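Asks: Coordinates only, no sequence provided:
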């Protein structure tokens, strides 16, 4: 049996593109070469797709030059089940026409995207249409997991504990910023955290302790998104994270970690640039205590709740769920779910004795199982409805007798 042709899709038009590059290059070093042929597929900020061996090196993305790096521009054949990466090459000879050639054929897509245009369900929807197995959560779960406002509403509807919050549009803020600030003060008080609805990695997130700080924080957040979430702040809470791996009923929770912050919140720099940014380890280089020094019953609660969240969102592969523990009230709150976490949360699983290469194997297995499940379902229902339709000047008219055996009403 031949090797699995593993397409590693990363980059994209996102503020978190650089984080995705680090995560992807890191991951490709751990793929078992005896099981897989790795085919890197980089989606550049302009939306062009490239493949080539140099994409496995971080240096390629510094002053990115696809010609210098001998990369080839490709596109995915959207024919269901094809999996072909196509490129247009100039034919041989002076008068030869360009030719469409197949560069590679993908068996499984391992998605390493953070942020919009990749983690938000858009890429997942494209792969669903192309009928290719992929490692991340599906379209609906990815979309909800990306949008903090929708995510919070979903969690609240499920009865999960979330922090009080309110949200605003840029239109409302531009029309009357003072009224927006007054609403926040009336409903939440200070301190608060202001977050763009569709960003991660703490980009655009600010703590505000008074009206002036709030207005500045809102101004910044609206530079990144049309909708902004404002959440009530806690007094020195403990941050706790837990990863979940699996698909369907086969779900496992990782050990719980406690990230260590030098300030009021973990910002982008603390997450990815600590140590001068030289480690190239993404979230794996963040200071943390693992396992977290918390009571066993709190750990069990977080792991059980994480698995419930995973199932409710119908997740797949590896996710990470972040929490805040308010020691003053002993209340646990869900901060967010990352459906494609930084560094694929491999460091949490290594703590549980699961090697990164094994984690990749399990993600691929989840992708293939979900794909098989989907393709075993009935997608085509043939009835007699079309036989009874005639298109006249005023539109379609069905036959009076209806269609025998049709599901349509």
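Replies: Cool, the structure landed. These figures come from a predicted structure and were not determined experimentally.

Asks: Could you pull up the residues touching the spatially most central residue of the chain?
Replies: In the chain, the residue lying closest to the centroid (CA atoms, centre = their mean) is residue 119, at 2.9 Å. Contacts were defined as CB atoms under 8 Å, 6 or more residues apart in numbering; by that measure residue 119 touches 14, 111, 113, 136, 142, 145-146, 200, 339-340. Any C-beta I mention is one placed from the backbone N, CA and C, and that applies to glycine too.

Asks: Just after the strand or helix carrying residue 363, pick out the following helix or strand.
Replies: Assessed by DSSP states H and E, residue 363 sits inside helix 356-375. Heading C-terminal from helix 356-375, the first helix or strand you meet, by DSSP H and E, is strand 389-392.

Asks: That next one pairs with which strands, parallel or anti?
Replies: The strands beside strand 389-392 in its sheet (DSSP bridges) come out as strand 395-398 (antiparallel).

Asks: pLDDT of the partner strand, averaged?
Replies: Mean pLDDT, strand 395-398: 53.

Asks: Repeat that for stretch 355-366.
Replies: The model assigns stretch 355-366 a mean pLDDT of 98.

Asks: how about it: buried residues?
Replies: 356-357, 359-366 (16 or more other CB atoms under 10 Å).

Asks: I'd like those as JSON lines, with distance to residue 157 appended.
Replies: Converted to JSON lines, the buried residues of stretch 355-366 look like this (distance: CB to CB, whole Å):
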{"residue": "356", "distance to residue 157": "35"}
{"residue": "357", "distance to residue 157": "38"}
{"residue": "359", "distance to residue 157": "31"}
{"residue": "360", "distance to residue 157": "34"}
{"residue": "361", "distance to residue 157": "35"}
{"residue": "362", "distance to residue 157": "30"}
{"residue": "363", "distance to residue 157": "28"}
{"residue": "364", "distance to residue 157": "32"}
{"residue": "365", "distance to residue 157": "31"}
{"residue": "366", "distance to residue 157": "26"}
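
Asks: Show me how the record splits this protein into domains.
Replies: 4-134, 165-232, 237-374 (automatic domain parsing).

Asks: Which residue ranges of the stretch 201-350 of the chain form helices?
Replies: 211-221, 268-272, 296-312, 346-350 (DSSP state H, counting those that start in this stretch).

Asks: could you redo those helices as TSV and give each row mean pLDDT and distance to residue 126?
Replies: Shown next, in TSV, are the helices of the stretch 201-350 of the chain (pLDDT from 0 to 100; distance: least, CB to CB, whole Å):
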stretch	mean pLDDT	distance to residue 126
helix 211-221	96	29
helix 268-272	44	27
helix 296-312	98	23
helix 346-350	97	26
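
Asks: quick one, which of those is nearest to residue 77?
Replies: Residue 77 lies closest to helix 346-350 among these, at 31.1 Å (CB to CB).

Asks: I'd like to know which elements the closest one is packed against.
Replies: Under the contact criterion of 3 or more CB pairs under 8 Å, 6 or more residues apart in numbering; DSSP states H and E, the helices and strands touching helix 346-350 comprise strand 238-247, strand 250-259, helix 356-375.

Asks: Could I get the pLDDT score of residue 1?
Replies: 70.

Asks: and the gap between it and residue 371?
Replies: 18 Å (CB to CB, to the nearest Å).

Asks: re the thing from before, nearest to residue 299, out of the buried residues of stretch 355-366: which one, please.
Replies: Using CB to CB, these come closest to residue 299 at residue 359, 20.7 Å.

Asks: Can you say which of the helices of the stretch 201-350 of the chain is packed in most?
Replies: Looking across these with neighbours counted as mean count of other CB atoms under 10 Å, the highest average goes to helix 346-350: a mean of 23.

Asks: Can you show me the strands along the stretch 101-250 of the chain?
Replies: 108-112, 165-169, 192-196, 206-208, 227-232, 238-247, 250-259 (DSSP state E, counting those that start in this stretch).
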